[in-house]
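>>> next input, structure requested:
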Amino acid sequence: MRFLAFFIAIMVALVVGNLLFDNAFRRLAQASYLYVSDQFPNGVTGPFSVASVTFQMASKEADGRIITTQLWYPTKGGDSPDPPVKDVSLSVEQDCEKLVGSLALADAPSPFGLLLYAPGNGGNKLENRATSEFLASHGYLILALEDGPAIPLEFGSAERLRETIRLGAEKAQRDAQAAFQTLDRFTQCAREKWAGQVTFDHIGFFGFSLGGSTAAQAAIDDPRIASAVNLDGWLFGPAADGKIEKPYMALLTDDVDLHSNALRKSLASLNPAIHYQADLDAHFAHMQAVLTNRPGNYGFWIHGGDHQSFNDSLLKQASSHFWFRGEATRIKTAKDAYLLAFFDTTVKGLPPSPLLTQNPSPYPKVEVLKDNRQWGDAIASAPIQSELGSK
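Numbering: from 1, shown residues only. Model (predicted):
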């Protein structure tokens, strides 16, 4: 009888503990597995299996350079699945024309959407691989680009701020043009094979960090780009002054506190580097408020992570402190969900997702920026980005 009572007490304790601490146990188990194995589950959660290949395509420009890009795509089977996230490379670079004909693109009742991805300053085409897998598993082809030459970002004086703004605008324009070349060549080599299966002229573009500025610039310059998403990056060039008229979404991290009170404190700093970066941040916050409040545009602040939490750095052992708090899964889940909802609406033309207008957000620690009065005050020293630091 005593043993039976002890057994019942243990069972009750386990049930109560599971009810009270289920999330904590799950986070601890997942984080421990990730840390020991140095693996992270791939991003495939949708109805399609996902494969990936590396393309080489000759540029049509006079320089004759070789364009290298990564493609994630839904597959109906037979193609090699995407290997673990920690792997540095995915496949041997292959000629686009020769390779497309051999790929087993999945069957679907409607065409797959096509998305471009631009990495951050000095980044690479594999840096947001888990999110690319996620989107591909939900019916998209993701064409990820290599970054162009990196630029310095310096704020130690008014002159350095103006130089950073100039270089940022030039990089956004240059990288957008490189994206168009890549899109042209990919369309040329894949359109005949995948006619009716992929939409090549109504495309989404998302970019991390300065890649977000590339995505916004591309939406301004090319009618094929239907919408743009900025993953926690400053905007430069025309987009920084609100010239983007396509659907636009900003997803932000806690890398910089963009609330007006925090920016006012930084603007008052006697440290030039802090003051002039705050001037750029204040203009950025104001313009994001302007953009996200336009019809069809959105903005969300996913709290709890730093700048690198919006790429696969979040999935590496160096970021394991996020795992044990459950932040890695939470941040990536929210980021991916908003991306999918936005592109389903703006690229595939599905009915607007309720997620985009739900306030408060159903995801923990996510601040909705549309109609948010806690940020976006016009407190920068100039209304036009190119004039910052001139007063």
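>>> how about the helices in the stretch 51-200 of the chain?
In the stretch 51-200 of the chain, helices defined by DSSP state H, counting those that start in this stretch lie at 96-100, 129-137, 158-190, listed in chain order.
>>> for Glu127, which non-adjacent residue is closest in space?
Leaving out its chain neighbours, the residue that sits closest to Glu127 by Cβ to Cβ, 6 or more residues apart in numbering is Asn311, at 4.6 Å. All C-beta atoms are positioned from the backbone trio N, CA, C, and that covers glycine.
>>> verify the contact between that neighbour and Asn121 for me.
No: with contact defined as Cβ atoms under 8 Å, Asn311 does not count as touching Asn121 (11.9 Å).
>>> neighbour-wise, which of those two wins?
Legend: neighbour count by other Cβ atoms under 10 Å for Asn311 and Asn121, higher for Asn311 (26 against 21).
>>> how far away is that one from Leu114?
Using Cβ to Cβ, to the nearest Å, we find Asn311 at a distance of 21 Å from Leu114.
>>> equivalent analysis for Val366, please.
Note on Val366: its distance to Leu114, by Cβ to Cβ, is 27 Å.
>>> who's more crowded, these two?
Set Val366 next to Leu114 and count neighbours by other Cβ under 10 Å: Leu114 wins out with 27 against 23.
>>> residue ranges in the protein under the pLDDT threshold?
Applying pLDDT under 70 to the chain flags residues 1-42, 59-65, 78-93, 314-326, 389-391.
>>> can you give me the strands for it?
49-58, 66-75, 94-95, 113-118, 140-145, 203-208, 225-231, 248-252, 298-302, 366-368 (DSSP state E).
>>> and these: which comes nearest Cys189?
Nearest to Cys189 among the strands of the chain is strand 49-58; the distance by Cβ to Cβ comes to 6.8 Å.
>>> packing partners of the closest one?
strand 66-75, strand 94-95, helix 96-100, helix 129-137, helix 158-190 (3 or more Cβ pairs under 8 Å, 6 or more residues apart in numbering; DSSP states H and E).
>>> got the angle for it vs strand 140-145?
40 degrees (axes from the mean of the first three to the mean of the last three Cα atoms, to 10 degrees).
>>> ok, and for strand 49-58, which residues are buried?
In terms of neighbour count (16 or more other Cβ atoms under 10 Å), strand 49-58 has its buried residues at 49-57.
>>> show me what contacts the nearest residue to Asp201 once chain neighbours are set aside?
With sequence-adjacent residues excluded and distances taken as Cβ to Cβ, 6+ apart, Asp201 is closest to Arg224, at 5.2 Å. When contacts are counted by Cβ atoms under 8 Å, 6 or more residues apart in numbering, Arg224 touches 183, 200-203.
>>> same thing with Asp221?
176-177, 180.
>>> neighbours around the closest residue to His202 other than its chain neighbours, how many?
Using Cβ to Cβ, 6+ apart and skipping residues adjacent in sequence, the residue nearest His202 is Ala226, 4.8 Å away. A count of nearby residues for Ala226, using other Cβ under 10 Å, gives 22.
>>> from what I can see Ala226 touches Phe200, true?
No: using Cβ under 8 Å, Ala226 is not in contact with Phe200, being 11.7 Å away.
>>> I'd like the contacts of Asp221 laid out as TSV, including neighbour count and distance to Gly139.
Output for the contacts of Asp221, formatted as TSV (neighbours: other Cβ atoms under 10 Å; distance: Cβ to Cβ, whole Å):
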residue	neighbour count	distance to Gly139
Ala176	27	25
Gln177	17	28
Phe180	16	24
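>>> name the nearest of the residues you listed relative to Ile302.
Ala176 (25.6 Å).
>>> quick one, what contacts the closest one?
214, 217-218, 221-222.
>>> change it to 10 Å
Neighbouring residues of Ala176 by Cβ atoms under 10 Å, 6 or more residues apart in numbering: 116, 118, 148, 205, 207, 213-222, 225, 237, 239.
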